[in-house]
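**Student:** all I have is the shape, not the residue letters:
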């Protein structure tokens, strides 16, 4: 039998779990204080729901669950081929918390207060190619506001996420924000008349390959040279501001400009400018289901994205045939856990942790003593005194115990 | 797209999640106070590990995960038949927390303090036939002690589990206890010389089909009539006590009698007889991996088992070729959640929950007011004042809010 956890998953040691539990409870507390409510959705979803969810690249990363019993037999008896292999599976593991939430809202709308402000802190699964920092089982911490078209929701999600990040010690970050509609409107006016998604995917690489690289890629993809040239001209300036875009669109399709300005001003005022919020036309984000605002948080201190989200006004409609506006923000818990662990963050016990060593045969006496100490608020672990007591005591200290009692000597705590 | 959660899984509403979170945190707190440490193992396991785990009936209930990419292609190209269908899957969802824990110990033994006292509160999956109370995704709350042969571990697990059950309001329960070895020794002396597991499975039905029923079943299974008659004679008395069994075995194979007596006396003394602990020779429990003591908790008030466990001294050895003694106790969280929910248990918020209603356009002012109230310890949810304000306020009360503020009238809390 194999002793390693499945590739891309982790066994967490007690000291790691203390930190994980602490971080998650801090995040949950901030979310709850700010009026969001914790809900739970299943980690397994209908395979068809996952397939039709417009999850972008994530759709290629779904773990599919094999049918069982007669249903599986019947597929095998028919003969399994590359064409019908989808029939092998009826369920899958969710790749994010947004699709299950959308189904949840569709299923429970009559039992929920709307607008619904909800929290999910839970596991998701993606069959990523294993590499450093890419897990196949990982935690996301999401807040969503369902049932409100107002951009107040965007402001509230950004401000609440910022509070949660600060609560766990990440205070130096920048929020990047964009609106998918703005990007679409700009590209249309520049002369792109098809496959805007493909243009966006290239544009998203601006950080990595620069404007020349993006333009070459667009030409290679077969977009007309006029559109590509317009694109190059439009972007050939130091900073692409909301004002510049507003003027370029001159009223036509410029509504998102006002909405973004409003969100940015609101966040600046309510956060006392304690973090930067920057417009970034090149911010796209992968999921196909986003319909409006998209945003992410980049850690200035540790680089890289630590949270991301956006508006998905048409996902719930896929379940009930009637659109319900929705917007969400997801903290990538594992990235933050990795950053904080690597930087030596650790988490003290909620109380002092003491080991009580007793001689074999004296369990009753030892347990009574332990219960007394527990009533005083101590955490007490009972151990039969091992032969190599000294070595064991060293190990206790190494493992974060505050002290020990050697009952056969005297019933007092020896603190490290 | 389908709006229902996958068969056998649940969407949990906010009021249900408040209760679930509360119960889990109470259980976790008791476990931690008593010196156990929280660990986390992945929900997905290697398919072979699951298959070889001696999980009894549960092995037929595993959700298998389909291979991906080239590995799946290669199986399909070879041709999938009933014989090689296992090759379709390389991973599975765990059916309990004991197998992943055994692998975890094997994998991390050098980084752990041994004996290891650990906690897992997490999801497991079983493809049960859907019926009332049988979930396919559910929570177990386990404590285990790894690395100690002493029956003090059994006492500690029983006492700690009892404390946890009392902490969540279940106080009227009975602990049933047995030792697999005792049962084996008795059956051997009665003349059964093969398929003792099969005898145990029949014996386990004593509650349901009575002694006559069990004996008929044993005869039908082809066991020799002398053994079956001995079995009937041995069990034809009102109560099968430990003393009676001790005398019957008269020294030979009677060691577990002393160990059980010791555990029972220890639990009685340390719990001040606040619950019953009863020997029950017919207690078997399904898992094949149990090697010694087995126990379960039955609620007297609500009937049925709410926790179960036992000693599994040879499971970790299957990973590392060297046995490490181990014993665990698992609370069946869903059964308890169902009992408490049906009996009207609910869970107040940690603080007062207030809705703050504001007019569209006034978000900044409203959010500032909300942050002030939050600093005073209130939970504040912001809502744009809906057209049907009265109806919305009724819904707030129904959903457990403590009160509301109508900012356009005055910024004071109106409590329900």
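**Tutor:** Here it is on my side, so go on. Source: prediction; values computed, not measured.

**Student:** any buried residues in the host helix or strand of residue A:364, and which?
**Tutor:** For residue A:364, the host element (DSSP states H and E) is helix A:363-375. By 16 or more other CB atoms under 10 Å in any protein chain shown, the buried positions in helix A:363-375 come out as A:363, A:366-367, A:369-370, A:373-374. Placement of C-beta: from N, CA and C, glycine included.

**Student:** go on, stretch A:260-273?
**Tutor:** Going by neighbour count (16+ other CB under 10 Å), the buried part of stretch A:260-273 is A:260, A:262-264, A:266-267, A:270-271.

**Student:** equivalent analysis for stretch A:27-40, please.
**Tutor:** A:27-28, A:30-40.

**Student:** flag every residue of the stretch 251-400 of chain A that's near chain B.
**Tutor:** A:266, A:269-270, A:318-320, A:350-351, A:353, A:355, A:360, A:363-364, A:367-368, A:370-371, A:374, A:379-384, A:395-396, A:399 (CB under 8 Å from any CB of the partner chain).

**Student:** against residue A:204, how distant is residue A:133?
**Tutor:** To residue A:204, residue A:133 is 20 Å away according to CB to CB, to the nearest Å.

**Student:** again with residue A:355
**Tutor:** Taken as CB to CB, the span from residue A:355 to residue A:204 is 53 Å.

**Student:** okay, now the nearest residue to residue A:217 once chain neighbours are set aside: neighbour count?
**Tutor:** Spatial nearest neighbour of residue A:217, excluding adjacent residues (CB to CB, 6 or more residues apart in numbering or on different chains): residue A:202 at 4.6 Å. Neighbour count of residue A:202, defined by other CB atoms under 10 Å in any protein chain shown: 20.

**Student:** doesn't residue A:202 lie inside a strand?
**Tutor:** No. Using DSSP: H, G, I helix; E, B strand; the rest coil, the assignment for residue A:202 is helix, not a strand.

**Student:** enumerate every residue touching it.
**Tutor:** Going by CB atoms under 8 Å, 6 or more residues apart in numbering or on different chains, residue A:202 touches A:214, A:217-218, A:221.

**Student:** may I ask which helix or strand of chain A has the lowest mean pLDDT?
**Tutor:** helix A:196-203 (a mean of 86; mean pLDDT, DSSP states H and E).

**Student:** what residues sit buried inside it?
**Tutor:** By 16+ other CB under 10 Å, the buried positions in helix A:196-203 come out as A:199-203.

**Student:** can I get those in a markdown table with distance to residue B:117?
**Tutor:** Rendered in a markdown table, the data for the buried residues of helix A:196-203 read as follows (distance: CB to CB, whole Å):
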| residue | distance to residue B:117 |
| --- | --- |
| A:199 | 58 |
| A:200 | 53 |
| A:201 | 51 |
| A:202 | 55 |
| A:203 | 54 |
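
**Student:** who in the stretch 101-250 of chain A is up against chain B?
**Tutor:** Contact residues, the stretch 101-250 of chain A versus chain B (CB under 8 Å from any CB): A:103-104, A:106-108, A:111-113, A:115, A:117-118, A:123, A:125, A:127, A:136-137, A:148, A:150, A:152, A:155-156, A:159.

**Student:** out of those residues, list just those in helices.
**Tutor:** A:103-104, A:106-108, A:152, A:155-156, A:159 (DSSP state H).

**Student:** closest to residue A:178 among those residues?
**Tutor:** Relative to residue A:178, the closest of these is residue A:155; by CB to CB it sits at 15.2 Å.

**Student:** that closest one is in contact with residue A:268, isn't it?
**Tutor:** No. Counting by CB atoms under 8 Å, residue A:155 stays clear of residue A:268, with 10.1 Å between them.

**Student:** where does the closest residue to chain B within the stretch 1-150 of chain A fall, phi/psi-wise?
**Tutor:** Per CB to the nearest CB, residue A:35 is where the stretch 1-150 of chain A lies closest to chain B, at 2.9 Å. The phi/psi pair for residue A:35 (degrees, to the nearest 10) reads phi 90, psi 10.

**Student:** burial count for residue A:82?
**Tutor:** Residue A:82: 9 neighbours (other CB under 10 Å).

**Student:** ok, it - contacts?
**Tutor:** B:73, B:76.

**Student:** distance of it relative to residue B:74?
**Tutor:** 11 Å.

**Student:** ditto for residue A:60
**Tutor:** Taken as CB to CB, the span from residue A:60 to residue B:74 is 18 Å.

**Student:** what's the answer for residue A:59, then?
**Tutor:** The gap separating residue A:59 from residue B:74 is 22 Å, by CB to CB.

**Student:** which strand or helix spans residue A:22?
**Tutor:** helix A:14-33.

**Student:** distance from that helix to the middle of the chain?
**Tutor:** Distance, stretch centre to chain centre, for helix A:14-33: 14 Å (CA atoms, centre = their mean, to the nearest Å).

**Student:** list phi and psi for residue A:80.
**Tutor:** Note on residue A:80: its backbone torsions stand at phi -90, psi 130 [degrees, to the nearest 10].

**Student:** tell me, how many residues neighbour the nearest residue to it once chain neighbours are set aside?
**Tutor:** Spatial nearest neighbour of residue A:80, chain neighbours left out: residue B:80 (4.3 Å); criterion: CB to CB, 6+ apart. Neighbour count for residue B:80, taken as other CB under 10 Å: 21.

**Student:** next one: residue A:208
**Tutor:** Count around residue A:208 with other CB under 10 Å applied: 8.

**Student:** residues in contact with it?
**Tutor:** Counted by CB under 8 Å, 6+ apart, residue A:208 has zero contacts.

**Student:** give me the low-pLDDT residue ranges for chain A?
**Tutor:** Within chain A, the stretches with pLDDT under 70 are A:348-351.

**Student:** still on that earlier bit, just the buried residues of stretch A:260-273 now: which is nearest residue A:391?
**Tutor:** Closest to residue A:391 out of those is residue A:271 (51.9 Å), distances taken as CB to CB.

**Student:** residue A:5 in helix, strand or coil?
**Tutor:** Residue A:5 ends up coil, using three-state DSSP.
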